[in-house]
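Trainee: Dropping a prediction and its sequence here:
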Amino acid sequence: MLTTDTQFLYPELMDVVRLFPAPPDIEHAFRLEGCLFLNEVRAGGRVFSYQNEQPWQGELERKRYAKRFAKLAVYLALRELTGISMPWGALTGIRPTKLAYAEEAAGRDFAPMFRAFGVSEENIALVRAVLRAQQGIYGREEGAADLYVGIPFCPSKCNYCSFITADIGRTGQYVEGYLEALGREIAACRGLYRRLKSVYIGGGTPLVLEPYRLRRVLEALAPFAEGGVEYTVEAGRPDVFTPEKLELLREFGVTRICVNPQTFCDATLERIGRRHTAADIDRAFEMARPFGFLVNFDLIAGLTGESAEEFCRGIDRAIQLSPENITVHTLCLKKGARLKEEEDRLEGAGVSEMIAYARSALAAAGYEPYYLYRQKYMAGNNENTGWCKPGTACVYNIDVMEEIADNIACGANAVGKKLFEGGARIERVGAPKDIPTYIKKIDEIIADKRKLYG
């Protein structure tokens, strides 16, 4: 249990408390004296006092520093009490690289601040490598945008999935109405940007659509995919791949596809609710290769019942197949996932070993980390990292994770972002999660989008 005398700090401090198994009851008090941020933590029969001096200007900056130093105080106290150190220390935000860029923009190396917040040297090196890989891609440009289109249908729902996805076998009656509304929303995006950097079709599993329906989506996007724009389709699970669908993607100029095996272990695939085998992953990859796409694999560390040895064999298999990108996710518990209903907490045992092996093996194979992000409730307090062969980084992933371009998002549960003041302020516009509601409210959704971006 956590009590604090400043309510706006409570959600931030709870993010830290949740990092630790069975934390004690905690009392926290905060006060500000000029530029001194003073935090007192009472836990385990002990009192911990911390002070940090930081000049600030304006209410937003005051709150930002208050949250930052209060989180650090609670983390340091719990670390002292439990003897447990977290790989990212007191940093609980989802974008460590964004914080690193802010430090560099202020003329400072980010490493001293990261060390002060308890970040491991390995993770400091990881962030530095990501910033290095983003050189030549990272940069803000007024009016630049990426276009996202969501297809929320899947062959079945995996037990760890928290996305608003629908089993197409049960929701097929909505597909036609959804594609009609989606086509209208896509068409309304013309003129909402100065320069389009990338197009990304995500899901769900976009290739679950029959070829004639997939063609409708690609035709709607054809005007946006001209002039060398990066064009990615999250093709998804290997059990939906066909040569006809891949030929359609090539016909409409798609440059990159994502194959999402998640694991190369047949037993794990069955446990998480997948209806394919590891051999199907190999077949889908070999099927896609002749079409000339850049290919990304997604793998997840910490899937139900999977051992470190099985995960590491999957990393080795992915490297052997040699896609251009390999993204290594850490499993997390989120609302909406069946796994969240079955387990209260994901233990980090074995997962950190998996992540360490993936980093070592991928670096040795010539891949470099080019984007990373974190989520709440991640096993072992680890991260998700995208690795790429030199020169094959996905622009869309960098733009989204670093928040350096507008994101125009179409589809149910899609959340678009508009940057103001060089990214200092971000406004969002979201669509309903429920597919029938999205269809019904499409005119209102389009009006809201035009109001924000126009």
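Mentor: Perfect, thanks for sending it. Residues are numbered from 1 along each chain as shown.
Trainee: Which strands and helices lie in contact with the host helix or strand of residue 75?
Mentor: Following DSSP states H and E, one finds residue 75 within helix 58-82. Other helices and strands packing on helix 58-82, by 3 or more Cβ pairs under 8 Å, 6 or more residues apart in numbering; DSSP states H and E, are helix 10-17, strand 26-33, strand 36-43, strand 46-53. C-beta coordinates here come from the backbone N, C-alpha and C atoms, glycine included.
Trainee: Pull out the buried residues from the last one.
Mentor: Which is strand 46-53. Neighbour-count burial for strand 46-53 flags 48, 50, 52 (criterion: 16 or more other Cβ atoms under 10 Å).
Trainee: same question, the first one
Mentor: Going by neighbour count (16+ other Cβ under 10 Å), the buried part of helix 10-17 is 12, 13, 14, 15, 16, 17.
Trainee: which non-adjacent residue is nearest the first one?
Mentor: Just to be clear, that refers to residue 12. Nearest residue to residue 12, sequence neighbours excluded (Cβ to Cβ, 6 or more residues apart in numbering): residue 67, at 4.6 Å.
Trainee: quick one, helices of the stretch 251-400 of the chain?
Mentor: Applying DSSP state H, counting those that start in this stretch to the stretch 251-400 of the chain gives helices spanning 266-272, 278-288, 308-321, 338-342, 351-364, 395-402.
Trainee: In terms of mean pLDDT, which of those helices ranks lowest?
Mentor: For the helices of the stretch 251-400 of the chain, mean pLDDT drops lowest on helix 338-342, to a mean of 41.
Trainee: Can you list the low-confidence ranges for this structure?
Mentor: By pLDDT under 70, the low-scoring segments of the chain are 156-169, 333-349.
Trainee: what residue lies at the spatial centre of it?
Mentor: residue 373 (5.7 Å; Cα atoms, centre = their mean).
Trainee: still on that earlier bit, just list what the helix or strand just after the helix holding residue 75 packs against, helices and strands only.
Mentor: Downstream of helix 58-82, the first helix or strand assigned by DSSP H and E is helix 96-105. Counting contacts by 3+ Cβ pairs under 8 Å, 6+ apart, helix 96-105 packs against helix 111-116, helix 121-133, strand 368-373, helix 395-402.
Trainee: May I see the buried residues of helix 10-17 arranged in JSON lines, with distance to residue 119 as well?
Mentor: Listed next are those as JSON lines, based on distance: Cβ to Cβ, whole Å:
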{"residue": "12", "distance to residue 119": "17"}
{"residue": "13", "distance to residue 119": "18"}
{"residue": "14", "distance to residue 119": "20"}
{"residue": "15", "distance to residue 119": "15"}
{"residue": "16", "distance to residue 119": "14"}
{"residue": "17", "distance to residue 119": "18"}
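Trainee: Just list whatever residues bridge to the closest residue to residue 43 other than its chain neighbours.
Mentor: Residue nearest to residue 43 in three dimensions, not counting chain neighbours: residue 26, with 4.5 Å by Cβ to Cβ, 6+ apart. For residue 26, the beta-bridge partners under DSSP bridges are residue 2, residue 43.
Trainee: Tell me how many other residues surround residue 26.
Mentor: 22 (other Cβ atoms under 10 Å).
Trainee: OK, contacts around it?
Mentor: When contacts are counted by Cβ atoms under 8 Å, 6 or more residues apart in numbering, residue 26 touches 1, 2, 3, 13, 17, 41, 42, 43, 74, 77, 78.
Trainee: out of the residues you listed, who has the most neighbours?
Mentor: Neighbour max across the contacts of residue 26 (other Cβ under 10 Å) = residue 74, 30 neighbours.
Trainee: Can you give me the distance of it to residue 222?
Mentor: For residue 74, the distance to residue 222 equals 52 Å [Cβ to Cβ, to the nearest Å].
Trainee: again with residue 138
Mentor: To residue 222, residue 138 is 29 Å away according to Cβ to Cβ.
Trainee: correct me, but the residue nearest to residue 12 touches residue 9?
Mentor: Yes: between residue 67 and residue 9 there is a contact at 6.1 Å, judged by Cβ atoms under 8 Å.
Trainee: nearest spatial neighbour of residue 415, skipping sequence neighbours?
Mentor: The shortest distance from residue 415 to any non-neighbouring residue, by Cβ to Cβ, 6+ apart, is to residue 430 (4.3 Å).
Trainee: neighbours of the one you found, just the number please.
Mentor: As a measure of burial, residue 430 has 13 neighbours, counting by other Cβ under 10 Å.
Trainee: heads up, I number from 867, so please use that
Mentor: Noted, 867 is the first residue going forward, which turns the last one into residue 1296.
Trainee: need the contact list for it.
Mentor: Contacts for residue 1296 (Cβ under 8 Å, 6+ apart) come out as 1279, 1280, 1281, 1282.
Trainee: mind checking how far it is from residue 1106?
Mentor: With the distance defined as Cβ to Cβ, residue 1296 ends up 27 Å from residue 1106.
Trainee: same question, residue 909
Mentor: Residue 909 sits 50 Å away from residue 1106, going by Cβ to Cβ.
Trainee: cool, residue 983 as well?
Mentor: Counting by Cβ to Cβ, the gap from residue 983 to residue 1106 is 43 Å.
Trainee: Then residue 898?
Mentor: 55 Å.
Trainee: rewinding a little: I'd guessed the residue nearest to the centre of the chain sits against residue 965; true?
Mentor: No: in this structure residue 1239 lies outside contact range of residue 965 using Cβ under 8 Å: 11.9 Å.
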